[in-house]
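Colleague: Here is my input; please provide its structure:
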Amino acid sequence: MPDTVELERYWAARDYAGVVETLTRLRDAAALAARADERVALADAIRRFLTVERLNLLLLDFIGGALPTSLASRIWDFVPDEVIWPVLLDAWISLPDGENRDLVLAELRRMVSANGGLLHRGRSVPDNLMQLLR
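Modeller: Residues are numbered from 1 along each chain as shown. Purely as a prediction, here's the structure:
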């Protein structure tokens, strides 16, 4: 079973493929754990690792091109929509037109279709983005 020491080692090296692989193994181990306390502990390890601070650092690497699109979208899947929503809003605002911005828009649309209340949480959504999300 993967552990958080391994996860921290990948994070320190900015080995995002290793981070995603380890997070995936943690999530899979949580799903297969026989005892509820084991499932909770493994899920909690993921939640504690993917802090808002780390998500914002990942955003900077994504915008700067150091975090590939395929890995970024997989990392977003580990985070509850209400947590990743403001990070992705920042990404959409910061990114120039192109493939990465389109990917962020698609993810924001998916979130809004699952939970329309996100549009009214926290920071305001720019008018031009609001039109695209409706």
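Colleague: for this structure, what are the low-confidence residue spans?
Modeller: 1-3, 122-123 (pLDDT under 70).
Colleague: So for this protein, the centremost residue is which one?
Modeller: Centroid-nearest residue in the chain: Trp76, 2.2 Å away (criterion: CA atoms, centre = their mean).
Colleague: Excluding chain neighbours, what is closest to that one?
Modeller: Computed as CB to CB, 6 or more residues apart in numbering, the closest residue to Trp76 that is not its neighbour in sequence is Ile84, at 5.2 Å. Every C-beta, even on glycine, is put in place using the N, C-alpha and C of the backbone.
Colleague: And that neighbour, how far from Ser94?
Modeller: For Ile84, the distance to Ser94 (CB to CB, to the nearest Å) stands at 15 Å.
Colleague: and the closest residue to Trp11 other than its chain neighbours, which of the three is it?
Modeller: Once flanking residues are discounted, Trp11 sits nearest to Val19: 5.9 Å by CB to CB, 6+ apart. Assigned with DSSP: H, G, I helix; E, B strand; the rest coil, Val19 falls in the helix class.
Colleague: Same question for Val79.
Modeller: Looking at Val79 with three-state DSSP, the answer is coil.
Colleague: Name all residues that make contact with it.
Modeller: 50, 55 (CB atoms under 8 Å, 6 or more residues apart in numbering).
Colleague: Kind regards, and thank you for your time.
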